[in-house]
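>>> the following comprises the amino acid sequence and a computationally predicted model.
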Amino acid sequence: MAAVMEDKPRLTQKQNDLVEIDEIKRISISDLVFSVTLPDGSVQKVLDDFSFEFSGPGTYCIVGENGQGKTSLLYLILGLYTSEGKVRYNNIPIEKCNLDYIRAEAISCCPQVCFAPDLPFNKARDRKRFLISDVT
């Protein structure tokens, strides 16, 4: 008798009660708000009520001008930054996921390091111009 394979990813519960997700089927981002403190002490909003859903495995490209929040979004998805709003893997809140496992086994990224101390941040209205597309 052949085994029936479910379409749901396998989940493993570890001793620390964090879930290891065998396969990421969906990453849901909702209502993210994220700000940074500039060298002069002022606070600059980078993401304001940002929502998006990555569905299905693939290669994704996050494109935008400097200072638009691309790296911040990536770091929020990986759990390296915290913010207001929700990030979920397969409908599981990021706080319940084993992020070390996800970073080691499930998601690869190539962040860009940029040194441009004299460039001013763009205006908040310009930050809404995100282009996120599946390039697979």
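Thanks, I have the structure now.

>>> show me where this protein has its helices.
Using DSSP state H, the helices of the chain run over residues 70-77, 99-101.

>>> among the ones you listed, which is nearest residue 19?
Minimum separation from residue 19 across the helices of the chain (Cβ to Cβ) falls at helix 99-101, 8.8 Å. Just so you know, the C-beta spots here come from the backbone N, C-alpha and C atoms, and that holds for glycine as well.

>>> give me the mean pLDDT for the closest one.
The average pLDDT within helix 99-101 is 87.

>>> report all helices and strands that that helix contacts.
Applying 3 or more Cβ pairs under 8 Å, 6 or more residues apart in numbering; DSSP states H and E, we find helix 99-101 packed against no helix or strand.

>>> give me the contacts around that helix.
18, 20, 21, 78, 79 (Cβ atoms under 8 Å, 6 or more residues apart in numbering).
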